[in-house]
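Trainee: The sequence and its predicted three-dimensional model are supplied below.
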Amino acid sequence: MNESPSPDVPLLEARHIKKSFQNQAKKEVRVLSDANLEIGKGDLLGIIGASGTGKSTLLHILGGLDRPQAGQVFFEGQDIFSKSNGFLESFRNRHVGFVFQFFNLLSDFNALENVMMPALIGHRNPGSVRTEAERLLERVGLKERMQHKPGTLSGGECQRVALARSLINNPDLLLADEPTGNLDAKASEDFMQLVRELNEDHQQTFVIVTHSLKLAQSLNRTVQLQEGEIRNVDRDLLL
Ligand SMILES: Nc1ncnc2c1ncn2[C@@H]1O[C@H](COP(=O)(O)OP(=O)(O)OP(=O)(O)O)[C@@H](O)[C@H]1O
Ligand SMILES: [Mg+2]
């Protein structure tokens, strides 16, 4: 990841991704059959699709959290699954921010500590990490809630802590799974406003899985996961 990629190389590219799971009867269930996706630097991409079609599965594979049975994911031209586990770990820590569907916050740590965690894992200076984490929590409207543990925060507040955490390492790529699923209309709009600002100011790339067609419509590009494949969507038909 040290060489600079050619400007023609997409930030992330998934080619012919296949993924199956075993169901309870030990039968293989194919979720992704031939998923192909190109994501350019600065993209603001939405992924829609019915429940159970494999959106979370795809997002986990794009971020190197789960391996496909076949196919490749290239980050700046490098095949991430062909490298060592150490490479994958550093790829995730340095380049990717995740906002998970069910937050995945650490219940024994308060909001501030949760936000700081990925940066401390990356061995950054604790003092500057703390200042940055406080700034991010303030930016997502949680200045007064920094010392609260997840169990004493609402779903929407947890979602915002998760967003702040995903930004702490200033990632090139943010993968967000239903980030507004637990937010009310105003909080959803605030969240999307923040996403647009980060996208415009820092060229940060966002891939957002959503069931909200309104949200999908507001993004620059939307694709649909259907029958294990990625299909383009005419955004004018979304509303
Ligand atoms: N670890 C697993 N073991 C077995 N089956 C799994 C596993 N993870 C996902 N699945 C199955 O794969 C399918 C796709 O799941 P996934 O969570 O990717 O769907 P989704 O599109 O994100 O759905 P939703 O919109 O409801 O979040 C589902 O049928 C799910 O039950
Ligand atoms: Mg999901």
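Mentor: Yep, that arrived. Ligands and ions are numbered 1, 2, ... in the order given.

Trainee: for the protein, which spans come out with low pLDDT?
Mentor: Applying pLDDT under 70 to the chain flags residues 1-7, 239.

Trainee: which secondary structure element contains the residue in it that ligand 2 sits nearest to?
Mentor: Nearest residue of the chain to ligand 2 (CB to the ion) works out as residue 56 at 3.2 Å. Where C-beta positions appear, they are placed from N, C-alpha and C, glycine not excepted. Assigned by DSSP states H and E, residue 56 falls within helix 55-62.

Trainee: can you dump the C-alpha coordinates of that helix into PDB?
Mentor: Provided in PDB are the C-alpha atoms of helix 55-62 (Å, rounded to 0.1, in the frame of the first residue of the first chain):
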ATOM      1  CA  LYS A  55     -25.600  -6.500   1.600                       C
ATOM      2  CA  SER A  56     -23.900  -6.800   4.900                       C
ATOM      3  CA  THR A  57     -22.000  -9.900   3.700                       C
ATOM      4  CA  LEU A  58     -20.700  -7.900   0.700                       C
ATOM      5  CA  LEU A  59     -19.800  -4.900   2.900                       C
ATOM      6  CA  HIS A  60     -17.800  -7.200   5.200                       C
ATOM      7  CA  ILE A  61     -15.900  -8.600   2.200                       C
ATOM      8  CA  LEU A  62     -15.200  -5.200   0.700                       C
END
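
Trainee: immediately after it, which helix or strand?
Mentor: strand 70-75.

Trainee: rewinding a little: can you count the residues close to the residue of the chain closest to ligand 2?
Mentor: 19 (other CB atoms under 10 Å).

Trainee: ok so, going back, and the angle from the helix holding residue 56 to strand 70-75?
Mentor: Orientation check (axes from the mean of the first three to the mean of the last three CA atoms, to 10 degrees): helix 55-62 against strand 70-75 gives 60 degrees.

Trainee: on contacts alone, who are the packing partners of helix 55-62?
Mentor: strand 12-22, strand 28-39, strand 44-48, strand 173-177, strand 205-209 (3 or more CB pairs under 8 Å, 6 or more residues apart in numbering; DSSP states H and E).

Trainee: Show me what counts as buried in that helix.
Mentor: Within helix 55-62, the residues that count as buried by 16 or more other CB atoms under 10 Å are 55, 56, 57, 58, 59, 60, 61, 62.

Trainee: Ligand 2 contacts on the chain?
Mentor: By the criterion of CB under 5 Å from the ion, the positions of the chain lying close to ligand 2 are 56, 101.

Trainee: just to revisit the earlier point, my guess is the residue of the chain closest to ligand 2 contacts residue 209, does it?
Mentor: Yes: here residue 56 lies in contact with residue 209, judged by CB atoms under 8 Å, at a distance of 6.9 Å.

Trainee: What are the contacting residues of the longest helix along the chain?
Mentor: Using DSSP state H, we find that the single longest helix of the chain is helix 185-202. In this structure, residues lying in contact with helix 185-202 by CB atoms under 8 Å, 6 or more residues apart in numbering are 42, 44, 139-141, 156, 159-160, 163, 167, 170, 174, 176, 179-180, 183, 204-206, 208, 212, 215, 218.
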